[in-house]
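K.L.:
Below is the sequence, then the predicted model.
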Amino acid sequence: MRGKPAFWLRLKRRLTGTDEDKTSSIILRMAMVIAFLVVGFGWVLGQSSIYQVTQGAILSHRGEKRARRSHVMTGRRGQILDRTGSGVLALTVPSPKVEFTGAPYYVDRAELGFSLAEALGLDADRVINRIMAEERYALIKRNVSDEEVATIRKLGLRGVTIGYENRRFYPMEEVLGAELGFVQDKKGNRGLEAQYDRALQGGTKRVKVLRDAHRRGLFEGGADQPWALNGNDLVLTIDSRIQIGLESELSRRVETERAVGGMAVVLDPHTFEVLAMASVPSMDPNRHGDVCAEFETKDAGADIGFNPCRNKVITYPFEPGSVAKIFTAAAAFDSGKLGPSTMVDGQGGRCRIGKHWVHDLERLDRVPIRDAIKFSSNCAMAEVGERTGMKQFVRTLRRFGFGRPTGIDLPNETAGEFKPQKAWAQTWLKTAAYGYGFRASLLQLAVGAATIANDGVRLKPRIARETRSPDGRVVERFDAGKPIRVVSRAAARKVLRTMISVVMDEDGTGVKARPIGYTAAGKTGTARMAWLASHGRGNAYMTSFVGFAPAREPRIVVAVAIIDPREDRFGGSAAGPVFAAVVTRTLETMGVAHDRSIEPESDRLADGF
Amino acid sequence: MSALAKSIGARVWSRDGDVDETGLKGRYDATMFAAAMALLVLGTLLVFSSTVRTGLSAKYGHDPFYFLTHHVIHVAAGLIAFWMTIKVPVRWWLKAWPWVLPISVVLLFGVFFVGESRNGARRWFSLFGITLQPSEFVKVGFALYLAGYLAKRKALVNNLLMGIVPLTIMFVVVAGLLVFQPDVGSVVLLGALVVSMLIVGGTRFAFMGVLFGLGALALVAILIYDPEKMSRFIGWMMIDETRLGEGFHIWNSQIVIGSGGLFGEGLGRGLQHVLGYLPEAETDFMFAVASEEIGFVGVVCIVLLYVVIAVRGFALIRICRDDFTRFLAFALTLLMSLPALMHMMVGLGLIPTKGLVLPFMSYGGSALVAEMVTLGLVQRMHLEATRGLGDG
């Protein structure tokens, strides 16, 4: 103890309380505690000054950065509705997704991943790896079901949240599938979704938001009218009831015929609005990922009709065959030189055109043009073409729209192929007169038929009627364009009467297309598809039927084509019954009165027995 | 007991309660009271601004004034409690101190059986629609107990078996009950109180060392036992590495405090705490709220107000006439200033996160009433200590 300063000795005595003056000992000891308090408050002030003065700007900036954000608001993509407004073909719905958003260190991520995988039916290893690899965010599963959402909510897993994103949903599934297209990466892909992408797209707007600790956004100053950003709705000319009827009749026929596929379209002959349009096989746009990918890789030109993502009505040109005879007749009658009663020579059903011999099913000799069409004589129609003359024939068919797209509001429409051959002009003319030597899409044939039904005036066919803003105002109405006079009213009427006899006469080639309860007019067609031979389908035919009903005052035009039927090869047989069934279903749906007995006909009964 | 009741009837509720038998008049400590009231008013404003958005949630009936209304009721209850306390003579406490702590311990024990839990903690009693949090009253009880114990057994304070061990047992019982609520913040505060009082009581520093060691061991045990506390501790140790996880509260608290700058965003204009970056801002992070809204200047003012309370409290010790009041004045002064210091240090990340309220400012009825009782006791002691000293 020697050498220790007296001060320390005194302090020690005082602190240990050995000093006589107890009170001063207490005071001294209290002073120690108070000193601690003083130092503490000093430390607080010092640290506060560091945070608030020295580092104030940095910390304040950090705070601003995390709290004040800008957020891009995106409007919902518009709906696609049918003409009745009640048939919703496409809409955008919020779809739940499960996300991992970071968890404290003591949460067992492997266990978390395992529970998640189990609840969502995913591969446990993959989920665990994902959660292990991502510090703050990982998307676990999109488009989860309501049951899965409920399961996840019940589990209450830490670091797992349920978010919502917009998803395109096609409630009618396969109905109008190929025509609608689909949405990929927020952009319309194919079909109507692509054609009207801009109208359907929701708008975007950058807004300032405050973001709270739970990453919820609060709009600074409020977001005005968020619905105004929503995309416009698209109203189609399609009637979903007619569409469903057409698709079911067509696909049933394609199945029973073991055909490659089929296509059909229903038009209103006075407005040229498309009431229904179908391609078989068809696809469900909700599942476009699975369905179309297989065909994406292949060369589009190599498809013979199996691609369900292809709208064949406008992208599948073919030689029309006998169906085209009505256009030859229209050209002939319009010239004024020929009429339905003008006699032509069927040459006994066997004639030579160019280098080839042509055989007809019916052996006709000299008959009026009316009967040449009714019995579908190629030899007789070749003569009609020849007598009409190249100039008149080509001009008329061009006016009908062959060789040029009809202008329908769908992407990738084919122009078909209509090129008069100069080198062998006469042979081409004769061949084209009965439907070979040029190619047309089914829509072009339907538009041609509609022109005849519309007294010779052609309009632009349309599948979309108008766009409407989210609050229901019409934004844009799509019109039919300038009417084009193709043939005279008289000529059109003459062709129409001829077409009636094809269906309504007992000996016509189109009796199988006669609808129950309604009169109809039409023309059968069968055309060889030589190119299918290289795809392993030798001796293939395209059978088609184009017609309208009721016969005297047409309300609808129906065109049907079946690619390579294997049971009934010839037009009246494979495509005709589809026409008949569709006409009855459609006109009844539209509320058109029957103009014929609905009793089954005796000859059909006899056929059945 | 009847003597006690008679004493209450005769003296406590008499109009001239501030005058004793001798007829001498004393004074209350107006400076300390004014400082406490200033904190109370500022606290009310900050409670309102930090709870508007919480109140708007469905849980509180979309009422932005929910918390303000309750806080004002708490303040009123606190003022009534204060008024009642200043009427009680110190003599009475000299008799009653051995009973106060056991009663509050029984209440503390009761919450495990009839209490209700919030946010995973079991701290509350519900009685006639009033929720009480006994742990807040235990602190006052403990201060009374320490003062009485040390005053009575001053000679034994350096006797391990007779002096230190009984006190330690009492502390362990209370601390054990608090840990299981869990309310570690209060345990730490009580520990600090016991240590301070033992120092003041004259205990040998060797004993203190042993107690410190035991306390440290207990803390480690708690941390290992409870992963959530461990995570808070880790968060405090490594703020930058753990700012999205364990250090979230502290990291946020720093940003909120820093956002205030020198002069603050202005009362009611705080953004960060309103956006929920501080969980339970109105209680455990009230200092951060204040920092954001009134800035460094405001922080200095608040610290000064607590210093004023502390200084006035310690000044009282000098004029106290016996050891019991001396010890009690010291303990109660610590109860008003030490939690404030710890609360601020938590907010600044200087010590690990603890659920401690800021005296006189934070939201919370029981705490506020207990603090007003504390203030009332000190005021009463001041009154009695200044008797006969004249007006000067």
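P.N.:
Nice, thanks for sending it over.

K.L.:
C-alpha only now, for contacts and for neighbours.
P.N.:
Will do.

K.L.:
tell me the secondary structure for A:Leu37?
P.N.:
helix (DSSP: H, G, I helix; E, B strand; the rest coil).

K.L.:
That one: how many residues sit nearby?
P.N.:
19 (other Cα atoms under 10 Å in any protein chain shown).

K.L.:
repeat for A:Glu506
P.N.:
Using other Cα under 10 Å: A:Glu506 sits among 11 other residues.

K.L.:
tell me the SS of A:Arg136?
P.N.:
Secondary structure assignment for A:Arg136 (three-state DSSP): coil.

K.L.:
Let me see the contact set for it.
P.N.:
With contact set as Cα atoms under 8 Å, 6 or more residues apart in numbering or on different chains, A:Arg136 has these partners: A:100-103.

K.L.:
What of A:Tyr170?
P.N.:
A:Tyr170 neighbours (Cα under 8 Å, 6+ apart): A:88-91, A:285-286.

K.L.:
repeat for A:Tyr518
P.N.:
A:549-551, A:583-584, A:594-598.

K.L.:
count of neighbours near the closest residue to A:Val487 other than its chain neighbours?
P.N.:
Counting by Cα to Cα, 6 or more residues apart in numbering or on different chains, A:Gly456 is the residue found nearest to A:Val487 once chain neighbours are left out, at 4.8 Å. Applying other Cα under 10 Å, we find 24 other residues in the vicinity of A:Gly456.

K.L.:
and A:Gly456, how far is that from A:Pro554?
P.N.:
As judged by Cα to Cα, to the nearest Å, A:Gly456 and A:Pro554 stand 13 Å apart.

K.L.:
How about the residues of the stretch 151-300 of chain B by chain A?
P.N.:
Residues of the stretch 151-300 of chain B lying near chain A by Cα under 8 Å from any Cα of the partner chain: B:196, B:199-204, B:227, B:231, B:244-246, B:254-262, B:272, B:275-277, B:295-296, B:299-300.

K.L.:
could you point out which element follows the longest helix along chain B?
P.N.:
Selection of the longest helix in chain B by residue count, based on DSSP state H, yields helix B:286-319. As assigned by DSSP states H and E, the chain's next helix or strand after helix B:286-319 is helix B:323-347.

K.L.:
That following helix close to chain A?
P.N.:
Yes: on the criterion Cα under 8 Å from any Cα, helix B:323-347 is in touch with chain A at B:338, B:341, B:344-345.

K.L.:
Contact partners for A:His270?
P.N.:
Contacts of A:His270 by Cα under 8 Å, 6+ apart are A:450, A:454, A:555.

K.L.:
ranking the residues you listed by neighbours, who comes first?
P.N.:
Within those, most neighbours by other Cα under 10 Å means A:Ala450, with 33 neighbours.

K.L.:
Buried residues in stretch A:503-515, which are they?
P.N.:
Within stretch A:503-515, the residues scored as buried using 16 or more other Cα atoms under 10 Å in any protein chain shown are A:503-504, A:508-515.

K.L.:
of these, list those near chain B.
P.N.:
Of the buried residues of stretch A:503-515, not one also sits near chain B (Cα under 8 Å from any Cα).

K.L.:
which one of these sits closest to A:Asn232?
P.N.:
A:Pro515 (39.4 Å; Cα to Cα).

K.L.:
which stretches of the stretch 251-400 of chain A form helices?
P.N.:
A:288-296, A:312-315, A:325-335, A:369-374, A:378-388, A:390-400 (DSSP state H, counting those that start in this stretch).

K.L.:
hang on, the earlier thing: and the residue nearest to A:Val487, how far from chain B?
P.N.:
Per Cα to the nearest Cα, to the nearest Å, A:Gly456 is found 69 Å from chain B.

K.L.:
can you list the weak-confidence ranges in the stretch 101-250 of chain B?
P.N.:
For the stretch 101-250 of chain B, applying pLDDT under 70 flags the ranges B:115-123, B:125-129, B:155-161, B:227-229, B:231-248.

K.L.:
can you rerun that using 90?
P.N.:
B:101-138, B:149-192, B:194-250 (pLDDT under 90).

K.L.:
if I look at the nearest residue to A:Pro269 once chain neighbours are set aside, how far off is A:Leu116?
P.N.:
Spatial nearest neighbour of A:Pro269, excluding adjacent residues (Cα to Cα, 6+ apart): A:Ala450 at 4.6 Å. Remark: distance between A:Ala450 and A:Leu116 (Cα to Cα) = 59 Å.

K.L.:
about what we covered before: next, the contact list for the residue nearest to A:Pro269, please.
P.N.:
Per Cα under 8 Å, 6+ apart, neighbours of A:Ala450: A:267-270, A:272, A:458, A:548, A:557.

K.L.:
quick one: contacts for A:Ser95?
P.N.:
A:142-144, A:164-167.

K.L.:
Who are the contact partners of the residue nearest the centre of chain A?
P.N.:
Centroid-nearest residue in chain A: A:Leu180, 1.3 Å away (criterion: Cα atoms, centre = their mean). A:Leu180 makes contact with A:190-193, A:285, according to Cα under 8 Å, 6+ apart.

K.L.:
one more time with 6 Å, if that's ok
P.N.:
Neighbouring residues of A:Leu180 by Cα atoms under 6 Å, 6 or more residues apart in numbering or on different chains: A:191-193.

K.L.:
B:Val47 now?
P.N.:
B:Val47 sits next to B:Glu282 when contact means Cα under 6 Å, 6+ apart.

K.L.:
if we go to 10 Å?
P.N.:
Applying Cα atoms under 10 Å, 6 or more residues apart in numbering or on different chains to B:Val47 gives the contacts B:41, B:67-68, B:71, B:268, B:281-283, B:286, B:289-290, B:361-364.
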